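Student: got a sequence here, can you model it:
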Amino acid sequence: MSEDGEDRYWTPDEAAGRPKRRPQSPSSSPSTPPEGDEVGDLYRQHGGGADPNAQYGQQVDHREGQYGGAGQYGGAGQYGGGQYGAGQAGGDQYGAGQYGAGGYGPAGRGPGGPGGPEGSGGPGGPEGPGGPGRPWSAPNLGRLRMPKLRLRLIVLIVVGLLIAYPIILGFTAWTSLNRVDAIGPAHENSKLEDTPGRTYLVVGSDARSDLSAEEKKDLGTGSVAGQRTDTIMLLHVPSSGPTVLISVPRDSYVPIPGHGSNKINAAYSFGGPSLLIETLENVGGVKIDEYVETGLGGFADIVNAIGGVTLCPKRAMKDAKAHINLKKGCQEMNGKTALGYARARYSDPRGDLGRVERQRETLAAIAKKTLSPGTLIQPWRAIPAAKAGGGALTVDKSTGPVALTKFVLAMRAVSGKNGISMTVPIGDTDYRVNGMSTVKWDRTQALEMFKDLKNDDTSALKEMADAQAKASGS
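Tutor: Predicted coordinates:
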């Protein structure tokens with residue numbers, strides 16, 4: 001509205017800030033907009049008037065309505081200094097609003113009003129309040145859920161494998177075991193009280209019946225008939241304190257129930273494992289709880305299944321009967337070589353005493369390697385080892401999974417710094433009986449050793465074990 005009360009209209013040039021153009025004749029600018037001018041119609045519906053010089057009829061309207069004081073496309077309404085800065089279309093069609101002084105105007109794009117995108121503020125009116133910002137769009141919950149579900153599935157699979165894997169190993173070993181009724185018959189007439197802790201009788205049989213001719217030749221076992229014990233050990237797991245592994249020389253001269261006195265390995269030949277258990281309980285007074293036996297072929301199979309073991313000869317060893325030719329020092333050995341190293345007797349100047357020490361060393365090395373992470377994390381090695389280990393062992397029919405697990409763990413513990421390895425104290429390594437060379441125990445020290453075992457006091461044996469190690473040069 002002008003000062004004289006007449007309606008005054010902005011020309012497109014004025015709205016865009018350009019110099020005035022010469023007025024056009026009414027004939028060149030019809031007062032009514034062309035048909036299809038939808039923007040002009042919308043503009044006029046909200047307060048705009050018809051201007052012959054404006055395409056959309058921009059009439060300044062100071063009414064405070066829905067679109068502000070300057071009309072729908074005026075200066076300070078919804079599209080003037082508001083949601084879209086200084087007027088989306090304030091001025092002319094592309095006046096000083098969204099495109100005003102911008103894409104089609106001379107001034108370039110300027111800063112927008114608060115809350116809206118960029119705009120320069122056209123001459124249609126002052127900047128209005130900022131409009132709402134870009135509406136928030138909710139994240140795609142389906143896409144977010146998928147990675148979480150996959151992660152949970154992976155975690156469940158890993159946990160399942162961690163639980164199932166040791167069960168598979170245990171089941172493989174357990175179902176491969178051989179069984180014998182050894183403890184029951186030995187305890188039928190026994191009056192011994194139970195010994196605290198857990199005591200295992202570990203026997204290495206030199207029976208060749210389960211070996212083929214080719215295996216006998218390859219392993220160098222010979223073809224001796226019958227069944228004898230090549231290795232006899234007592235493994236005691238105390239309620240507290242170090243685990244102890246005690247070798248009993250196979251030529252130990254002891255009384256055998258019903259058979260007089262003889263070498264202790266003869267008890268196995270006379271009455272099998274039950275008579276051997278009874279013999280040891282009678283001479284030592286320690287009640288035996290479990291029986292574990294391994295054969296020559298099974299021994300070699302276990303070593304091969306775990307990929308060999310590291311053993312450390314204290315001297316160079318060349319033994320034709322044991323099929324070995326070894327240098328001094330630590331070295332990797334396969335099943336055949338490890339068996340020969342453990343059985344060799346004639347190449348060791350200490351005879352049977354040196355042999356029992358090497359047997360303990362070998363058994364401890366096997367247990368340590370079998371339970372090492374390097375073996376257990378490789379299924380292609382651990383599962384065959386479990387099968388070979390189970391197949392190589394014969395246990396009492398009463399032995400349960402817990403007792404067998406404790407046995408394996410105890411054998412590994414013996415090889416550690418807290419384990420104790422020793423031999424029954426010896427008084428004479430060449431005790432002659434009717435021309436037969438036997439081993440005679442040191443009665444006093446042997447009884448003291450068995451007393452400590454009966455009392456479950458393995459720590460008391462450490463001094464005796466250290467003295468033996470020093471004497472042997474270990």
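
Student: okay, CA-based contacts and neighbour counts for the rest of this
Tutor: OK.

Student: helices or strands next to the longest helix along the chain in the packing?
Tutor: Longest helix in the chain, counting residues (DSSP state H): helix 141-176. When contacts are defined as 3 or more Cα pairs under 8 Å, 6 or more residues apart in numbering; DSSP states H and E, helix 141-176 packs onto helix 379-392.

Student: contacts for the helix it packs on, please.
Tutor: 169-170, 172-178, 294-295, 297-299, 301-302, 305-307, 370, 375-376 (Cα atoms under 8 Å, 6 or more residues apart in numbering).

Student: can I get the buried part of those as one ChimeraX selection?
Tutor: Listed next is the ChimeraX selection for buried residues among the contacts of helix 379-392, using 16 or more other Cα atoms under 10 Å:
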select :169,170,172,173,174,176,177,178,294,295,297,298,299,301,302,305,306,307,370,375,376
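
Student: shaky segments in the protein?
Tutor: 1-146, 206-228, 296, 474 (pLDDT under 70).

Student: report how many residues lie close to Thr399.
Tutor: Under the neighbour criterion other Cα atoms under 10 Å, Thr399 is assigned a count of 16.

Student: how about the longest helix of the chain: buried residues?
Tutor: Applying 16+ other Cα under 10 Å to helix 141-176 flags Tyr165, Leu169, Gly170, Phe171, Thr172, Ala173, Trp174, Ser176 as buried.

Student: neighbours of Ile420, just the number please.
Tutor: For Ile420, using other Cα under 10 Å, the count is 22.

Student: I'd like to know how far the spatially closest residue to it that is not a sequence neighbour sits from Phe450.
Tutor: Computed as Cα to Cα, 6 or more residues apart in numbering, the closest residue to Ile420 that is not its neighbour in sequence is Val244, at 4.6 Å. Look at Val244 and Phe450: by Cα to Cα, to the nearest Å, they are 12 Å apart.

Student: when the two are compared, which one has more neighbours?
Tutor: More neighbours surround Val244 than the other of Val244 and Phe450, with 28 against 17 (other Cα under 10 Å).

Student: was I right about the more buried one contacting Ser421?
Tutor: Yes - judged on Cα atoms under 8 Å, Val244 makes contact with Ser421 at a distance of 5.8 Å.

Student: what's in contact with stretch 458-474?
Tutor: Contacts for stretch 458-474 (Cα under 8 Å, 6+ apart): Pro238, Gly241, Pro242, Thr243, Val244, Ile420, Ser421, Met422, Thr423, Met449, Asp452.

Student: now the two most distant members of those.
Tutor: Pairwise distances across the contacts of stretch 458-474 peak at 18.6 Å for Gly241 and Thr423 (criterion: Cα to Cα).

Student: between these two, who's got more neighbours?
Tutor: Thr423 (22 against 14).

Student: dump the residue contacts of the nearest residue to that one once chain neighbours are set aside.
Tutor: Leaving aside its chain neighbours, Thr423 sits nearest to Ser247 (4.6 Å; criterion: Cα to Cα, 6+ apart). Going by Cα under 8 Å, 6+ apart, Ser247 touches Thr231, Ile232, Met233, Leu234, Val356, Glu357, Arg360, Met422, Thr423, Val424.

Student: fine, thanks again, bye for now.
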